[in-house]
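[1] mind looking at a prediction? Sequence and model below.
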Amino acid sequence: MGNTGKQNSSIYLIGAVTTIIVLCGIVIDIIVGSITGGDISALPQTAAERFAQFHSNWLLGLYNLDLLNIINQVFLIPAILAIYMAHKNDDNGLALLSFILFLVGTTVFITGNTALTMFDLSQKYFSASSTEQKNLIAAAGEAMLAQGAHGSFGVFIGFALPTFANLLVSVVMLQGKVFSRTIAYFGFAGNILMLLYVILITFFPATEKVALIIAMPGGLLVTTWMILFMIRLFKLSTQKK
């Protein structure tokens, strides 16, 4: 195996391992969502309420502002890179486009997320010595929520663009010969449903219950897709060329 082959094998292995980390994050997300109910309308609606949640349970406060989703998305980057590398010779254009879109979407998601900023503001809020100071901090918090609350337009691109990129990745898999058509179909179906969920929850909040019904099978399909391509990446990492 030449240097290029060894490098590719390392990329495949890293992509597979980081996918396992993402899958663990998804399990945590499912558990927390089941415990808390997963109802977006039940989330704290004002900055002061968010601060109170941080004060009583800072981990839940971070979770409700999508920090876990960001962590999962960042750890998925090596896997998307590995899939691109596996198709680089067959479909350089579409595979590269999907990787770039995933990177751009993740970058937008990170820069637009307000979880850590809100956490910092919550500490300042409860250490403020006057009502005026608290009101100013609450106003800053409201501005942050308008930008980065779950389901807000501010985070739409951060959710939608990587999901669309994953949809393109599934198309690349379908056209290529590296991954099976079964894997590609799981990704195609799951990411279409998740993209529809993001659109509904952002622009049509009244359809939240319908969106959640769509998200459940979508999430299961995407999770299965990740498990299947993770297994394939492990196999690719051990192949000798």
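    Perfect, I can see it now.

[2] which residues of this structure fall in helices?
    For the chain, the helices defined by DSSP state H cover 3-36, 47-56, 58-64, 67-87, 92-112, 115-127, 131-148, 156-175, 181-203, 208-238.

[3] what angle do the fifth one and helix 131-148 make?
    Computed by axes from the mean of the first three to the mean of the last three Cα atoms, to 10 degrees, the angle separating helix 92-112 from helix 131-148 equals 170 degrees.

[4] tell me what helix 92-112 is packed against?
    Helix 92-112 sits against helix 67-87, helix 156-175, with contacts defined as 3 or more Cβ pairs under 8 Å, 6 or more residues apart in numbering; DSSP states H and E. Just so you know, the C-beta spots here come from the backbone N, C-alpha and C atoms, and that holds for glycine as well.

[5] same thing with the second one?
    On a contact count with 3+ Cβ pairs under 8 Å, 6+ apart, helix 47-56 meets helix 58-64, helix 115-127, helix 131-148.

[6] mean pLDDT added to the helices of the chain, as TSV?
    Below are the helices of the chain laid out as TSV (pLDDT from 0 to 100):
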stretch	mean pLDDT
helix 3-36	90
helix 47-56	94
helix 58-64	93
helix 67-87	95
helix 92-112	92
helix 115-127	94
helix 131-148	90
helix 156-175	94
helix 181-203	95
helix 208-238	94
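
[7] let me have these in a markdown table, extended by mean neighbour count.
    Listed next are the helices of the chain as a markdown table, based on neighbours: other Cβ atoms under 10 Å:
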| stretch | mean neighbour count |
| --- | --- |
| helix 3-36 | 15 |
| helix 47-56 | 19 |
| helix 58-64 | 17 |
| helix 67-87 | 21 |
| helix 92-112 | 17 |
| helix 115-127 | 17 |
| helix 131-148 | 16 |
| helix 156-175 | 22 |
| helix 181-203 | 20 |
| helix 208-238 | 18 |
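
[8] ok so, going back, which among the helices and strands packed on helix 47-56 is found nearest to Val222?
    Among these, the nearest to Val222 by Cβ to Cβ is helix 58-64 (19.2 Å).

[9] can I get that closest one in CSV? Just the C-alpha atoms.
    Only the C-alpha atoms of helix 58-64 are listed here, as CSV (Å, rounded to 0.1, in the frame of the first residue of the first chain):
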residue,chain,number,x,y,z
TRP,A,58,-26.8,24.6,32.9
LEU,A,59,-26.4,21.3,30.9
LEU,A,60,-30.1,21.4,29.9
GLY,A,61,-29.8,25.1,29.1
LEU,A,62,-26.9,24.3,26.7
TYR,A,63,-28.8,21.3,25.2
ASN,A,64,-31.9,23.4,24.5
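
[10] closest one to Pro44 among the helices and strands packed on helix 47-56?
    With Cβ to Cβ as the measure, helix 58-64 is the member of these nearest Pro44 (7.5 Å).

[11] return the list of helices and strands in contact with the closest one.
    Secondary-structure packing of helix 58-64 (3+ Cβ pairs under 8 Å, 6+ apart): helix 3-36, helix 47-56, helix 115-127.

[12] contact partners of that helix?
    Under the criterion Cβ atoms under 8 Å, 6 or more residues apart in numbering, residues 32, 36, 43-44, 50, 53-54, 68, 115-116, 118-119, 122, 150 lie in contact with helix 58-64.

[13] if we use 6 Å, what do you get?
    Val32, Leu43, Gln53, Phe54, Ala115 (Cβ atoms under 6 Å, 6 or more residues apart in numbering).

[14] tell me the two of those residues that are most distant?
    Val32 and Phe54 (15.6 Å).
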